[in-house]
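# Sequence unavailable; structure follows:
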């Protein structure tokens, strides 16, 4: 099971950031988790207009293993 996290930062200042954790998961597959992370990223401007989504992470629920933090690429 995977949990989605999205890093959002104030536009123009990558020193002021927050980590958003998904409340709809966990997800059976990593693909589903990545899809949800991108959904969250696309919704950020609507709910947090001064922030931009920069990175996401899909972590195994309940484990402390290291996983990669990946950049978000949202096309217009």
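All right, it came through fine. Note that the structure is a prediction, hence the values are computed from the model and not measured.

# Am I right that residue 43 falls within a helix?
Yes - applying DSSP: H, G, I helix; E, B strand; the rest coil, one finds residue 43 inside a helix.

# Phi and psi next, for the residue in the chain sticking out farthest from the centre.
Largest separation from the mean C-alpha position in the chain: residue 12, at 18.6 Å (CA atoms, centre = their mean). Torsion angles at residue 12 (phi, psi; degrees, to the nearest 10) stand at phi 90, psi 0.

# ok, it to residue 18 distance?
15 Å (CB to CB, to the nearest Å). Heads up, the C-betas are built off the backbone N, CA and C, glycines and all.

# Equivalent analysis for residue 37, please.
15 Å.

# Mind checking which of the two has more residues around it?
Between residue 37 and residue 18, counting by other CB atoms under 10 Å, residue 37 is the more crowded of the two (26 against 11).

# For that one, give me the pLDDT.
Looking at residue 37, its pLDDT is 96.

# element containing it, please.
helix 30-47 (DSSP states H and E).

# try residue 52
strand 51-60.

# Please compute how far that strand lies from its chain's middle.
With CA atoms, centre = their mean, to the nearest Å as the basis, strand 51-60 stands 3 Å off its chain's centre.

# Outside of it itself, which residues are in contact with it?
Residues from elsewhere that reach strand 51-60, judged by CB atoms under 8 Å, 6 or more residues apart in numbering: 1-11, 14, 17-18, 27, 30, 33-34, 37-38, 40-41, 44-45, 67-72, 74.

# can you give me the angle that strand makes with helix 30-47?
Inter-element angle recorded for strand 51-60 and helix 30-47: 160 degrees (by axes from the mean of the first three to the mean of the last three CA atoms, to 10 degrees).

# Buried ones in strand 51-60, by neighbour count?
Neighbour counts over strand 51-60 (16 or more other CB atoms under 10 Å) mark 51, 52, 53, 54, 55, 56, 57, 58, 59 as buried.

# And the first one, how far from residue 1?
Which is residue 51. Here residue 51 is placed at a distance of 27 Å from residue 1 (CB to CB).
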